[in-house]
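# Give me a 3D structure for the following:
(chains A and B)
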Amino acid sequence: MAYVGSEFSVSESLSPTEGISVIALTGQLDAHTAPEFEKFLEQIVRGDQKRKLILDFSSLEYISSAGLGVLMGFIEDVRSDGGDMKFALVPEKIYHVLDLLGFPVVFTITPTIAEAVESFNK
Amino acid sequence: MSSKREHLSVASMMKQRYMAIAKGVATRSAFNAIIGLLIFVVILIIDLLSYSLKMMQGMTLDVVRTALQIITIYFWSRALSPFIVRYRDLSRRVGKPEAGLIPVRTLRWFVIALAVGELFAFLPDLFLPRLNATFEPLVPNAVISINIMGILWLTGFAAILVGFSKFLFIWQKTRDLRRRLIFWFIPIGLFSLVDYLTNTKSISNDTPIQITLIGLRFLVIFSTLFLWFRIDWMPHVSRKDKNRVLILSAFACVLSIVVVINYSTGLTSGILAHYAIFLHSIIHVSMLGVASYFGLVFFNALFTLSSTELVERRAAEVQSLAKLTRFSSDVLTSELLLDIPRLADQITALAQEATKSDCAWLELNFRQAQGLTTDTKIYRSYASISQELADHISNESLPGLRATVITRSISEELATTGKPVLLTAGDLLDGVELPFSHSIEQLSSLIAIPLLHKQELRGAIYVAKQQEYGYDDEDVTVLTAFSDIATLALDTARLLADSIEKQKFDGELRAARSMQQSLLPNTVPDVPGYEISAISIPAYEVGGDYYDFTTLSDGSPIAVIGDVSGKGISASIFMAETKGIVQALAPMMMTVRELFIGTNDALMRNIGEQGFRRSFVTLAAIGFKDNVLTYSRAGHTPLLIFGANGDYQYLQPKGMGLGFVGKNIFDGVLEQKQIALDPGETLILFSDGITEVRAGDGEELGYARFAEIIRGARFEETVQKMTDRILRDVLLYASDASFSDDATFVIVRRKH
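Below is the predicted model:
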């Protein structure tokens, strides 16, 4: 499943461990592409009932407040059922934005996907 | 009532008028007929006298009789003329169906009249084939019979000759034509004179005279051919009518030749020669002219048959082009432009009509603005063909065709070459079939025209026929011209749709922008010891920046800067809400940190209630109290402090954005710090719209470069001037000298 927007795409890549979904974000997640991202997460979280998500930020160039809003919007749903949403491979610039907003307080942000997987298994 | 009566009276007046005219015509006809009859009686008396009593003889008698006969024919023709169809100038009806129809109709009546007249005239020949009498009527009864018959025949032939002249004048009754008619009469007159002289034995009927007569006959034929060589009306006769002209003119020619032959040998000819010796010659030789004229018409029609097809084709093309032109003018001004699916249907239908195809279909990729983004929509339209079949034909790959050597599908061919594709049965290699030749409709010919806009393929028009070899290059030309107009119409429609969308969008933007501007404070508070300046530039697509000034519970002033998530009208509404909460809570709060905590509580409650689940806001605030600045940052961009010595620092106390998390987490994270400014030192609150401005190479301004801009601007005389300079420098950096997000900053400078 993949959705291609104008400058943004999101896709679910092969899961390294059973029950964990890795979602790769590519391009610019802004006010125009955020609804597509939201639709995608809606499908994953509410449709497929997947609760353990790792967001791969490595190819994400930009994230705007709208994109951040989407991430915040799903965290409650994900956590309500013993799941979590973790961020991995976050580029410095995007980490800065997340940091400003205080995301590290709420989300687990790991340098690699393996570490994110590991943190699920704890 | 009165109007009806008036109407009635007008109608009755009209009726009276017509009656009067009809009465006049009838009276005149009757008068002419009677005059003719009287003169006829005079001829009869003269004949009776001459034959019975042998009173008058010789040339005098002939001249008198001929003159009287002509006068009789003249009057009787005039009596008949109201009943003969009037002359009509065809040249003024070019392009109308009647221009081609009238000659055919006239010719038909002429042939019928000729046939009837011939039957009537030569009836005696049929019944008395062996009668080879010398026509010397010796009894009064015979004289009277011959007179009546003779004058009737004369009148009949006069009518035929008048009909013939109608034919000559059918195109235009010009002076030139009348002159030609006179030139035609000269050899006829000469022949009649010589013939008369031989018949009356005034000159001997020897070989030179015979040769002269034959020569004069040829002269009549030649003058006919020469004078009317060009049949003016022929090009305007349609192919179907030309076939009729061929048959009718052949009849007219043959009948006229029969008349000529009969006049040389037949019984009737003998009687008429006896009765009207001079007029008989005229009729004889002018019928020769008539025969040659219709021979000419016949061959002319025959030789132009093939060109008729060409002319008709051209006419059809011109017609379809005219239709296209009309279509373009219709379509470019009508409401069709607002309804792209209907426009596509219309184009498909017209393409089918213009090429007389059995079916047509259209595919159209349409890029259309939706707000700031563009969506690609695909419109399809099918005329007289199922969608499955049309898609199959367009997209089935072709395994190598002789003429075009296409190996891909037609749609791919169009996309690759951008040129029209014409496929007919002739393009097939042996054993290869077009993808559509097996279909139910048995289509065998196809044209595909790409719809190009600035060299870019936007779609294609397809037309197809059952007929093999159903199209040629002309059809491709016509359809290409058509596709140009169609593209123009579609482009106009798209631009229109875009501008409507944009207008809607702009309307929303205007509302958002004016709302945002109205939310900003008009004045900057006067805080002792500080200079303060603030500015917020909304981007084209309004973001959610704002700044505000208010006071805490102890009356100390605070400056707040905020950035709500999202864009447009919803962001503006959310911003208004945030501003309202901050304004309402501030007078009850001791510090900016308390203010933010209270605001987060309120926002969390409101967000929960109103479903703004995805919305949040970042805030930063400075409190002015006792020469110390208290500041807090809730998720917002850091504060920049610039020392008088040129050192600077971005202050980033901890704090989450508002609207994300509940009291427990938010309160625990949020910090509040204090700083005292030395004279000349500056503290700046700003939004990320400033530091995320991009240069032409896509490089963001960033914190370091922003600090350098401040460094250059910090010694400006007033903070207003400083603000202007910062704004100028930031815009100089930006690639298109504009902000893609709202740009806001508040400057606080310690006075010296």
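# near chain B, which residues of chain A?
When proximity is defined as Cβ under 8 Å from any Cβ of the partner chain, chain A approaches chain B at A:6, A:31-32, A:34, A:38, A:64-66, A:68-70, A:72-73, A:100-103, A:105-106. In this view, the C-beta of every residue, glycine as well, is placed from N, C-alpha and C.
# which of the residues you listed are buried?
A:31-32, A:34, A:38, A:64-66, A:68-70, A:72-73, A:100-103, A:105-106 (16 or more other Cβ atoms under 10 Å in any protein chain shown).
# burial measure for B:I261, as a count.
14 (other Cβ atoms under 10 Å in any protein chain shown).
# Over to the one 10 residues further on?
Other residues near B:I271 come to 21 when the count uses other Cβ under 10 Å.
# how much space between it and B:I277?
As judged by Cβ to Cβ, to the nearest Å, B:I271 and B:I277 stand 11 Å apart.
# How about the contacts made by the closest residue to B:L68 other than its chain neighbours?
Nearest residue to B:L68 in three dimensions, chain neighbours excluded: B:I43, at 4.8 Å (Cβ to Cβ, 6 or more residues apart in numbering or on different chains). Residues counted as contacts of B:I43 (Cβ atoms under 8 Å, 6 or more residues apart in numbering or on different chains) are B:65, B:68-69, B:72, B:147, B:151.
# per-residue confidence for A:M1?
We have a pLDDT of 37 for A:M1.
# correction: B:L670
pLDDT, B:L670: 94.
# just B:A360 next, same as before
Per-residue confidence (pLDDT) for B:A360: 90.
# Kindly report the same for B:I561.
Predicted confidence (pLDDT) for B:I561: 96.
# Report the beta-bridge partner residues of it.
With DSSP bridges as the criterion, B:I561 is bridged to B:Y547, B:A620.
# tell me the mean pLDDT over the lengthiest helix in chain A?
Ranked by number of residues, the top helix in chain A under DSSP state H is helix A:65-79. The pLDDT scores in helix A:65-79 average 83.
# From chain A, how far out is B:R244?
Going from B:R244 to chain A by Cβ to the nearest Cβ, to the nearest Å gives 67 Å.
# Three-state assignment for that residue, please.
Here B:R244 is recorded as helix under DSSP: H, G, I helix; E, B strand; the rest coil.
# got a list of what it touches?
B:R244 touches B:104, B:108, counting by Cβ under 8 Å, 6+ apart.
# which element is the residue nearest to B:L68 on?
Using DSSP states H and E, B:I43 sits within helix B:2-53.
# Run through the neighbouring helices and strands of the one helix or strand B:L496 maps to.
Here B:L496, judged by DSSP H and E, is contained in helix B:473-519. On a contact count with 3 or more Cβ pairs under 8 Å, 6 or more residues apart in numbering or on different chains; DSSP states H and E, helix B:473-519 meets helix B:305-331, helix B:340-354, strand B:359-370, strand B:421-423, strand B:445-453, strand B:456-465, strand B:545-551, helix B:568-585.
# Now do it against strand B:545-551: the angle between them, please.
Put simply, helix B:473-519 runs at 10 degrees to strand B:545-551, going by axes from the mean of the first three to the mean of the last three Cα atoms, to 10 degrees.
# Following the chain onward from helix B:473-519, which element is next?
Moving toward the C-terminus from helix B:473-519, the next helix or strand (DSSP H and E) is strand B:530-537.
# For that next one, buried residues please.
B:530-537.
# In chain B, what residue comes closest to chain A?
Closest to chain A within chain B is B:M656: 3.0 Å, counting by Cβ to the nearest Cβ.
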